[in-house]
Structures are given as C-alpha cells and as structure tokens.
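*Asks:* take this sequence and fold it.
(4 chains)
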Protein chains: 4
Amino acid sequence: MNTLGKNIRLTSYGESHGEVIGAVLDGFPSGFPIDKTFIQYQLDRRKPGQSSIATPRTENDEVIINSGVFEGKTTGAPIHFQIKNTNQNSKDYSHLKEVYRPSHADYTYEARYGIRDYRGGGRSSARVTAGWVAAGALVQDLLVKEKGVYIGAYVHQISTIKLITQPRYYSLDSVESNIVRCPDEHIAKEMIDAIHQASAQKDSLGGVIECVIKGVPAGLGNPIFDKLNAALAHAMMSINAVKGFEIGGGFEMSSKRGSEVNDSFTLADGKTQTTTNNSGGIQGGISNGMDIVFRVAFKPTATIGVSQQTITNSGENINLEATGRHDPCVVPRAVPIVETLAALVIGDFLL
Amino acid sequence: MNTLGKNIRLTSYGESHGEVIGAVLDGFPSGFPIDKTFIQYQLDRRKPGQSSIATPRTENDEVIINSGVFEGKTTGAPIHFQIKNTNQNSKDYSHLKEVYRPSHADYTYEARYGIRDYRGGGRSSARVTAGWVAAGALVQDLLVKEKGVYIGAYVHQISTIKLITQPRYYSLDSVESNIVRCPDEHIAKEMIDAIHQASAQKDSLGGVIECVIKGVPAGLGNPIFDKLNAALAHAMMSINAVKGFEIGGGFEMSSKRGSEVNDSFTLADGKTQTTTNNSGGIQGGISNGMDIVFRVAFKPTATIGVSQQTITNSGENINLEATGRHDPCVVPRAVPIVETLAALVIGDFLL
Amino acid sequence: MNTLGKNIRLTSYGESHGEVIGAVLDGFPSGFPIDKTFIQYQLDRRKPGQSSIATPRTENDEVIINSGVFEGKTTGAPIHFQIKNTNQNSKDYSHLKEVYRPSHADYTYEARYGIRDYRGGGRSSARVTAGWVAAGALVQDLLVKEKGVYIGAYVHQISTIKLITQPRYYSLDSVESNIVRCPDEHIAKEMIDAIHQASAQKDSLGGVIECVIKGVPAGLGNPIFDKLNAALAHAMMSINAVKGFEIGGGFEMSSKRGSEVNDSFTLADGKTQTTTNNSGGIQGGISNGMDIVFRVAFKPTATIGVSQQTITNSGENINLEATGRHDPCVVPRAVPIVETLAALVIGDFLL
Amino acid sequence: MNTLGKNIRLTSYGESHGEVIGAVLDGFPSGFPIDKTFIQYQLDRRKPGQSSIATPRTENDEVIINSGVFEGKTTGAPIHFQIKNTNQNSKDYSHLKEVYRPSHADYTYEARYGIRDYRGGGRSSARVTAGWVAAGALVQDLLVKEKGVYIGAYVHQISTIKLITQPRYYSLDSVESNIVRCPDEHIAKEMIDAIHQASAQKDSLGGVIECVIKGVPAGLGNPIFDKLNAALAHAMMSINAVKGFEIGGGFEMSSKRGSEVNDSFTLADGKTQTTTNNSGGIQGGISNGMDIVFRVAFKPTATIGVSQQTITNSGENINLEATGRHDPCVVPRAVPIVETLAALVIGDFLL
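*Replies:* Residues are numbered from 1 along each chain as shown, chains lettered A, B, ... in the order given. Okay, the predicted model is just below:
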C-alpha cells in the first residue's frame, strides 16, 4: 500500500504525468508553526533541472498545503500537500507504450495490475517522491526545532569514487556547497566530472548516500519486529533504484572479528556512550544515544541513451535508445529523499 | 511490536531463560496437513549444540502445537507453537546483572524499559528465533507443496572467505552436506577452519547469508511503501546481529554503469524473462518472475572470551571476559532463520 | 487516525472551511472503468441545499479525480478525490471562536489538540464525509457491477415515526421517491412534516437508518477481532451524530428467548439458508449468505436555533442561539454516507 | 485476524476443546507489578460452573503467565497467558460433527474455512474469552492503580427486566453482591428467577450490559476513523452473541429533539463539565472527561434444549435438542468480558 508509518503516517498518491502529485500526512502534532520556506527548500533540492548533473526537465514543484493548518499552525488534522505537474509532455513517452524498458518497472506493473500508465513511468516514477519530501520536510523541521534531532544525508560514493572519512553529521550548508552534495570539495569535483563524462557517453552512474542522525535519545525503537533499524531499512528500500541498506559497520563487519568491532561502553560527559560506533547508534533495534549512521546503495539510473536490447509486451524484440530527459545519476537529488524518509521514521517513533 | 506481517502474522513471545518461548501464527490457510517432521527439521538446523562450530549449550527445541490444528490439518484459526526452555541455567548469567556488554542490547533495553531480564539476554536473545522458525517452517512447507516456491539460503561468506559463484538455488541436501551450510565443499572447509581458529582464540566471526527464492510468480508486491524488497529488508533486519541487506546486484551496483547492469528483457520458454538478474527478481517493488536473490550481513557474535573494557549501569569500569556457552559464529545457525522470515514475507503477499 | 480499512483504504483530509476536502482510496482493483455519473449522484444525495428539509447552505460538491486513473480506468494506484469548498463563509462562524457549543466537538478537539479550526466545525464537520462518499461510491459501483453486491440504505425512523415493515433491500429509485428517503410514501410524508415542524420551532430531530446488503456470499469476515459486524460497527460509529449500531434483531433480541429468535437452517433453492434472519446475515462474525441487515441511530442535530446555556473556553457562561445554516435533521442526507461506509467495509473483505 | 489494538495488542489463540487457550499481550508498559490475584478474580467471574444460573460445566481456569515478567514485574516484552482446558469432553460433541446448529457459527466457519473443529464450537466458542480476560485484567489493574480509571460493568437488563436507574459507576463489591451482577437487589432477584425459569423450560434469555468508565481524562480518541466510541463498538461487537452497541443516550436519542438531549457545558469544580451526559462521555470521537457510558446487547444463548429444526452439512433435515452443558443466559458471565475489552481499548489510547 501507499502508506508509511504507524503513528505519523504518510499516504502518497499521484503519477509522473497526472495533473498533480500529493501526500497526506496524518498524526502530525498540533500547534507547530508551518515553515513553508524549509519545505520548499527541500523540494528545490529534489527538483529536476537544478544543475548540470540533473535532468534538464524542469518543474517548479511548488507545494500547496490546503488542510490541517489553521492560522499558520498545524491543528492535528491530516495535512494535505499538493504539487502540480506543470511540465508533463505525454508525447515524449507514447512510443514507450508497449516497451518493457530494461530494469524499469514496466513489466512488473503490467504483471501486477494488467494495466499501466506508461507516461514517464506513471506511478513508478521517482517524481512521486516530491510529495514525500514536502511532508517529510515538515517532520524534519519539527525534529530540529522541538527535539534537537538533526538529520544529515550526503553523497558518500558516486561510481567508484568514495568519501573515505568516518561518518559524521554535516550541516546543510557544507552539504550544499557543491551540486553533487558530497561534503569534500576535492572528491565532489571528481564525482561531478564522472557524472558529466557518463552523461556525455549517454550512460548513467550509481552511488551511495550516507545519513547521520544526531540527537536521537537512547531508548527509541521496539523489539522484535519493530526495530528502529528495520523501519529505516524498510523506508529506504521504498526509494526507487535502491538496492542495499546497511547500518553502522554494515557489510564490512561480516569480515571482522568480534574483538575488532565490538563497541565498548564508557561514561563520557556523564553519559553512557560507546567508544566506537560500529553499531551505528542502534543495538537490539533500539537507539543507544550515539549518532545513527546508515548507508543506502543506489544502482545507476535505468534510463540510458546507450542502445539496449529488450522486448515489447507482445514479445517483439526491439532496440531502445532513450531520448527523454533523464538524470545521468539520481544520487545527488536523492539526498533530501533519504532525509525525508529518515525524518518520517524517527518521527514515527519519537513524536 | 512483536508481530510481523499483515495477512500472515507471526506474533512472538518469550525470553532466553523463561519457561517457554513461543509464537502465534495467524492467517495461515485452512486445510493444510501439518508436517511436524519438516518443522522439527528446521528447528534442529537452528538449535544450539548441533556441531563443533556451534555453542555447546544444548536444547532439544521440541515444538508443541496446541491450537489451530484439528485432525492433523490447519483450521484457519491461529496456530500456537510452544518450545520449552530446558537448559536455562540462570546462575551462568547473574554476574551480568549490572553489566552493559559491548555491542549487546543490555543498555538499550534498560534505556527503553527501565528494567531488564538479564538472564541470557532475556527478550533480546536469539533464542526467541526458535519460535519464528517453527512457525515459518510451516509456511515454507506450504509454499513448496502448494505454490512451487522454493526458498534456499546458504552461507555465502564467513569472515573474509567468500563463495564466488553466481547466486543460485541450492537444494537442502547440498546445503546440509557440511556443518557450515556453504554449498562448496572446499570453501566450506576453509570456513569451518576459520571458525575453529577464532573459537580457539576466544574470538568470533561474522559472515553473509545469501538467499535464493525460485518459483515466485511475476506480480507480487505493492508500490510504494509495501514493496516486496522493503518487506524482505524489514524482516531480515529483525534478526539479531544483522547489519546489512542487499538485493540482486546490491552495493556493487553503485560502482557500475547503467549499460553494465541493466537487465534486458527477452522471451525465453514462452515467458518474459531477463537475460541477467541484477534486479534480484524484483523491479519497482514487484516480483518479475526471476529468482529472488538477496544477501544478509551478520556482524561477528558480540559475546567473546577475549577481554573487553566496558561499564556497569552505575558507571563503573569493568573488564569482561565471557565464559558462558556461546557461538563463535552465528551465521550457520542463522540459515533457517533467514529462510523462515523469507517464507513469512512471501507468504504474506502470496497466500 | 484518518484512515479506514486494511486492504481497501480510505484516507480522509480536509476541513469544513478549508479550500478543499478530499480522500485517497488505496488498494482499489485495477482495470475498473470510472463512472463519474454514479459518484456525482451519490455526492448529490449527500450535498447540502438539496431539499426543503436540508440546510439551505449550498455546495455543488463537484468531484475531481486526479490520480490512479488512466484512459478512464483505474490503474491500481491510489485514487485521489478532491472537492472544492466553494461556499465557505468564515464570517458566519467567527463568533463561535471561543464557544463550546453543546453536544459538539469544540471542547474535545481543544482538549485533544490545544488548538481548533472553529470555522464550521473544522475537521469535526460532517462536510468531510463528502470525500468519503466520492471514494465509497466508486467501491459501491464495483460491488454492483462485478460482485452482484447491492447496498441499500433508507430512513427507518425520524423522531418517533417508524417504518414498521421487515428490513428488505429497496432499490435506489424507491428510496429516492421522496426527499426523506423512506421507502413508504405515507410514513415519509409524516417524517417530512415532522422535520418541517421541528425546523419551524428552531429545533432538530434524530432518526435511524436501516441498511440492507444483498448478494454478499457466505464466508466473508474473520474471527475473532476482525468480525464483519465489528468492522461495520466501527465504520458506522465513525459518522458524526451516530450513537448506536445494531445488527439483525439487535437490541430487541435481548428481551427474547432463544426459541423465539434462533435462525433455523434449511435448504432452499439448493442453497443453505435460514428461515428467519435475526442474525442479520452474520454469524460468528462471518457472513452466512443471507441479507446483511443493520441499523444506525443518529441523535438530533446538535446545532439548534433554540436558546441554550453553555460556556466559553475561558469558562464564561453564555447564551447561544444558532443562526447559521444547518440541517434540522441530518438523517436523510446521511443515507449515502451509510452506504459508502458499508461499501468500504464489504470491499475491504471481498476485493 | 485474532488481534485487537494498535499500541496495546491482544493476540488470542485456542479452541474450546484444544489442550490450551491463551493470549499474548504486547505493548504493555514495563515495571508494573503483576497482581495475579486480580487476574484470577476476573477469570473466576467469567468461569463456568460459578453459580446456579451458569452452565454446570466446570473449569478452574487457572492462568499461567510465562513470559514478559521478571522478578514479579512486567518487562515491556510480550506477556503470554495460558489456560489449560481441563474439562474438555469431546464425546459430548461428536454428534454435532455435521450439524449446523441454529444461530451458531457452524455453517459460516465451514463456508469460510472448509473445515471446522466441531468440538464445543472450536474457535467460535466463548471459551476463548478466558484468554482475553486474563490479559485485560492486567490492563484494568494498571488503569486503576496508575491512571485512576475505573471500569464498572453490570447487568442492565435480562429478558424484559430492566434496571431503571441512570447509568453510574458501581463498585465491584456492589456488582458482586448477587450472582446475576445487577446492582439492584430487587431487580436482580427477578432476573435470577427469570433465568431459572427459562432454564427449567430448556430455553435461554438475552440481556444488556451497561458499562461506566470513570476517570478517563478529556482528550482521548482520534478523529475520524479512530474514534474512541468506534474502537469500543468494534471491541464489543467482537464478543459472541452481541447484537448491538450504543453510547450515552443511544437509540433513544433518535426519538428526541436537540433541545431535549444536547449536553450543555458548565464549569463545575473548576472543570469543564456537561450538565447532562447524553453524549456518554465522548464527543466527536474524543473523551470529554465525563463518565463514559455504553450498553451492549446480547441475544439469548443459541444453544437450547427446546427442539429445533435444522439441517446437516449434507442438507439433511434434522431435529435438534441440545443436551450439552450450556448457559441459560450468558450475560452475567459476560460482565468481566465487557470490562476486559473496555480496558484494552482505553489502554490502547491512554498507555
């Protein structure tokens, strides 16, 4: 179903080329002043056409909030976010009506529903995340202002180019200092170059986003099937193109010994802390008060200009060279999406 | 909360050193003949004391099924599985009453609940997975017998020793041909040696389990927040010691180009298939009829005999050398647990 | 929360005097042709200003459907229904800013949320049911066209004037033959007169709606906490002003003996049936194939022109005489709302 | 499904003539000392064989609690309650194997599941409520001791004999002063006589339970589909034999005018209160701080000794005269069940 969360619930609707996309946020606390500036800011970080490494397709992605707010404050009633699709050009896509694009959801949607809105991917398009980001930004804003919880995502890897520093919280400013959203200027430049190069070759790149959440108090999360890390994994795997999730030391810990990666407890600043943070801030599914650290793996954009073999829904072999406007690498634009979902998950447990 | 699933629901209860552990399976179809042999077989694969690389602690883990079954068949009513804890030796653990063991859930449970059953990890112990396995084995059995869905998990990596073959479904027999549950005899032997060696050094190892599910029809899974891969990730992250989840090409795809990893569609045997399976059998959150392939990363066992620094709940520094009976590597025993949760997830969508 | 249902899910948003009200319907089957005529017809039965016994406040209640539909058919994606509030006149309500109107939700919303959209009742207004009706009408349409399930609600009682015939399914035409929606012309006239009289006296009336659902197959519903009758009760109690729910023989059965009201089974037309239907079509929480019959009790409209004592939120005593445009009796307009919720519940179990 | 609640969740399992019945209570707060005396007391109020107006069938209904409790206190882990069925005599029921008993769930369970545990009603037996009562009593105990919330249910009507006083909270002692659990000695005696008489005539009686909850703070409940009254209705309709639910003025309000039944607000004892309580303590789905008042209608016991016509599952006409041990009126034994479910619902919102 199209709903995330139990106490704070996001319900998403809309398609890439419908009139509108939107989201309903239910369970959000009352009395919080709406800051449309931050919401719009997060939408702008996600929107197409924002830089030379994003799709040239442009959308203003201006959000309308038309319920759940009274005299500038939330009322506890469901909050409805709506964004108009202004740049849908259905003609761009009519030739894809019968094609199963490689590594897209064309075939599976048809298998599942027997019908498919083929315009720009329809419901399976990443466009629908605009609604999430609007709603999630509101939760993120409240987490900062009322709970002291800061969520900072950044690009950790593009193709084979990786940030090698330890995970830490980076401010929005330092992440936004370049268009690829990697807080190391030198590596960022390499990443941007790599994206430009892949783009010139009509190809696409993948990457990894790292997210650090500071300020989460110890004791958040529920055993056994409602673990905080399980909820985060679930949310992140809901993003298009995501193929992996890891927390703290992640997959690398599989190669290590217990004596190398166990996090010892210590008392620091009068607080129970761990000397290392391979646990990624969560133990037994419950936060331990250290930074929550996780990484999300994105595959390269499925839509590429390079010629590919595939078939139509009548089984005919065809050759496909995408000509539409698409991102050579979705990872930089996915940074606010990761933050959004993290905010929704943390909010679901904390608010 | 302690419930997994929406249509097929597992509710778990019990602690490591309580009288019993158990599970209630709700929503299971009626009229299915119970095969206690397979259920017990899966429990035996999970149970302690089964081999030289598992904890010497022994439990028979004999399951009692005392509701939801009438004259040998399921009735549609909730099925209750109960397993007695016969070998709980609470004296073993009394010295841990006030200790926060490194990389365990002692501190977080105390932060969350203000109270903690410290005997053997209490509710946070992997012992509680015995109840899951009993319930999941029944679902797994039905998937095989009535749906032609086969779930095969195996050890893919122990420490730095990795299986290098492509993921594929291995029969239970070939997985069970050795005690580490890796279907390559040569690599299995290396893995076993590594575990013996770590054990002798009072240390522990991590590893990776790969799971291949064949026979899932195309069209299973729901967008957007109810994706099949998101549900699998959620379930797998519910297992103790799991730090990562990846599907199909996983994290490696982040380093690749679209032209390298896109899965082209083709018509083979009159069926829409993909020529490669980097998608891992799921596209847009919905199964595409190819094998579902995922990997689960386990950190090394937190309990080790090597001396470690940590603190008590009153902030006192102490030195800890675990002397209890524990696994040098939990990964081989976790194979049926991965299968169990996969069965519960697939069953939740398919039944 | 503002969501009803598990498989077919309605999420509602909006306030009486906001810009819009709306609803998202998730889980609706794909491939069903949208009939906007029937949806609008049900909205028109609910809308204000429709007759001399309804509030003179007028709204066109024209519905926009802008997601989940492609080329006239549902796609399986969430369907968004939106209705503009064209006649909101916030000045009408500003004097109520601080008043706790008797038997309204002013005080409880303030106690719950600390803030309140006082314009026309805000979120607690029955206006929000317009969104439900739009979504429910689509489900109702599918139940008729694809499942042969017919839901017929009608006014059974207004004030002390009651229909005395046995419950049965009445066609839409016979229910619509008069403005009070009671399928007995003589009794309907009495009801209408009673409403006119109460209205002239600035007072209000309550009543009872009876609903008969034919065509539901035997075997729908789940024990124990997911009984079909429990789901119906839950849904009906969600309607403003509803104070009671009963099924089949209802409260009257409490005065009877088992030998008087037990429903004997018999074979009729080759089908297992009961000779009487005091069970109201549901036994043990599961449909038995007979007509489902239930009644919903509505209290009189809380808003009346008669002078009432009450207090403000600062504890000041005041005298209140409502002058706004309100219904002397909400029951006739609630008929499509009862049908809508019945359709959503039956759809949730059947689709 | 067999689970009630969202935050405090009861999962029920077991059948009338299985080895055990049980319940898992999840989400219960940690650190609460278990009072097995009160739990057993509530079970004893529900158990068969307790008086001359209950079934002579006897069960000790002794509860075992074997998880979620450590050193006498709850730990936050799921709490498992188990009760042995000691008096199941399957021979009593073998002649019912193929019979569809009038107004029982035999036919509907068979329609739903294709299979049926016919011994004593199997899963559809009211016996399974013993598990609920054990779990609910714990919640009820905590509501009293930590929240000052008192739930008092009592018999309001048996057959045509009714209590005529206004609803009010009666202490356990006054309710328990007689075996029919009606807090008016004179009327209680009439009720008991009526039950004895019906029993002598091999017939059965119905009745109504009234429940008053005092101490619930204003502000509990969520609009729109998560109203406190909707949750109460849902829970009460989950009890076998219940045919109706009403809150506050209930069905009678349908015959009244707004001016007669509106509840005016007033300031009393420095608290916002209403001068009357026709709302039954809930307005707009949210508690207003007044006593919560509702009534639950029970039909007469379906099992009677009087001869009845019915059919078998092969369509054969048969004559049925129940000879098993059954209650001539279930209402007195249902009093703790109503309290239990009320406690679970209030706890779900409040804890």
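*Asks:* give me every residue in the stretch 51-200 of chain A lying close to chain B.
*Replies:* Neighbours of chain B within the stretch 51-200 of chain A, by CB under 8 Å from any CB of the partner chain: A:100, A:102-105, A:107-109, A:111-112, A:123-124, A:128, A:157, A:159-160, A:198. To be clear about C-beta, it is placed using only N, CA and C from the backbone, and glycine gets the same treatment.
*Asks:* wait, isn't A:Gly206 in contact with A:Lys299?
*Replies:* Yes. With contact defined as CB atoms under 8 Å, A:Gly206 reaches A:Lys299; the gap is 4.8 Å.
*Asks:* overlap in contacts, the two.
*Replies:* Contact with both A:Gly206 and A:Lys299 is made by residues A:241, B:253-254, B:256, according to CB atoms under 8 Å, 6 or more residues apart in numbering or on different chains.
*Asks:* what parts of chain A come near chain D?
*Replies:* Going by CB under 8 Å from any CB, the residues of chain A near chain D are A:6, A:77, A:223.
*Asks:* and A:Glu19, how many residues sit next to it?
*Replies:* As a burial measure, A:Glu19 scores 16 neighbours (other CB atoms under 10 Å in any protein chain shown).
*Asks:* hmm, I typed the wrong one, I wanted A:Asp269.
*Replies:* 5.
*Asks:* ditto for A:Thr37
*Replies:* 10.
*Asks:* one more: the one 10 residues further on?
*Replies:* The number of residues packed near A:Lys47 is 22, by other CB under 10 Å.
*Asks:* and the closest residue to it other than its chain neighbours, how far from D:Tyr107?
*Replies:* Once flanking residues are discounted, A:Lys47 sits nearest to A:Asp61: 4.4 Å by CB to CB, 6 or more residues apart in numbering or on different chains. Per CB to CB, to the nearest Å, A:Asp61 is found 57 Å from D:Tyr107.
*Asks:* A:Ile179 too?
*Replies:* Taking CB to CB, one finds A:Ile179 at 68 Å from D:Tyr107.
*Asks:* okay, these two: which has more neighbours?
*Replies:* More crowded of A:Ile179 and D:Tyr107, by other CB under 10 Å: D:Tyr107, with 27 against 16.
*Asks:* output the contacting helices and strands for the strand or helix carrying that one.
*Replies:* Per DSSP states H and E, D:Tyr107 falls inside helix D:106-113. Applying 3 or more CB pairs under 8 Å, 6 or more residues apart in numbering or on different chains; DSSP states H and E, we find helix D:106-113 packed against strand C:282-283, strand C:286-287.
*Asks:* now distance to D:Asn66, mean neighbour count and mean pLDDT too, for these, in TSV please.
*Replies:* Supplementary listing: the helices and strands packed on helix D:106-113 in TSV, determined by distance: least, CB to CB, whole Å; neighbours: other CB atoms under 10 Å in any protein chain shown; pLDDT from 0 to 100:
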stretch	distance to D:Asn66	mean neighbour count	mean pLDDT
strand C:282-283	35	28	98
strand C:286-287	32	26	98
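*Asks:* before we move on, the earlier item: the helix holding D:Tyr107 - what's its average pLDDT?
*Replies:* Over the span of helix D:106-113, the pLDDT mean works out to 97.
*Asks:* now do that helix: distance to the chain's middle.
*Replies:* 23 Å (CA atoms, centre = their mean, to the nearest Å).
*Asks:* just the C-alphas of the helix or strand following that helix, formatted as PDB.
*Replies:* Next along the chain after helix D:106-113, taking DSSP H and E as the criterion, comes helix D:129-147. Output in PDB follows, covering the C-alpha atoms of helix D:129-147 (Å, rounded to 0.1, in the frame of the first residue of the first chain):
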ATOM      1  CA  THR D 129     -12.600 -15.200  26.000                       C
ATOM      2  CA  ALA D 130     -10.800 -16.600  29.100                       C
ATOM      3  CA  GLY D 131      -7.600 -15.600  27.400                       C
ATOM      4  CA  TRP D 132      -8.800 -12.100  26.800                       C
ATOM      5  CA  VAL D 133     -10.000 -11.700  30.400                       C
ATOM      6  CA  ALA D 134      -6.600 -12.800  31.800                       C
ATOM      7  CA  ALA D 135      -4.800 -10.200  29.600                       C
ATOM      8  CA  GLY D 136      -7.500  -7.500  30.000                       C
ATOM      9  CA  ALA D 137      -7.500  -7.800  33.800                       C
ATOM     10  CA  LEU D 138      -3.800  -6.800  33.800                       C
ATOM     11  CA  VAL D 139      -4.600  -3.700  31.800                       C
ATOM     12  CA  GLN D 140      -7.600  -3.000  34.000                       C
ATOM     13  CA  ASP D 141      -5.400  -3.300  37.100                       C
ATOM     14  CA  LEU D 142      -2.900  -0.800  35.800                       C
ATOM     15  CA  LEU D 143      -5.600   1.600  34.700                       C
ATOM     16  CA  VAL D 144      -6.900   1.700  38.300                       C
ATOM     17  CA  LYS D 145      -3.500   1.800  40.000                       C
ATOM     18  CA  GLU D 146      -1.700   4.200  37.800                       C
ATOM     19  CA  LYS D 147      -4.300   6.200  35.900                       C
END
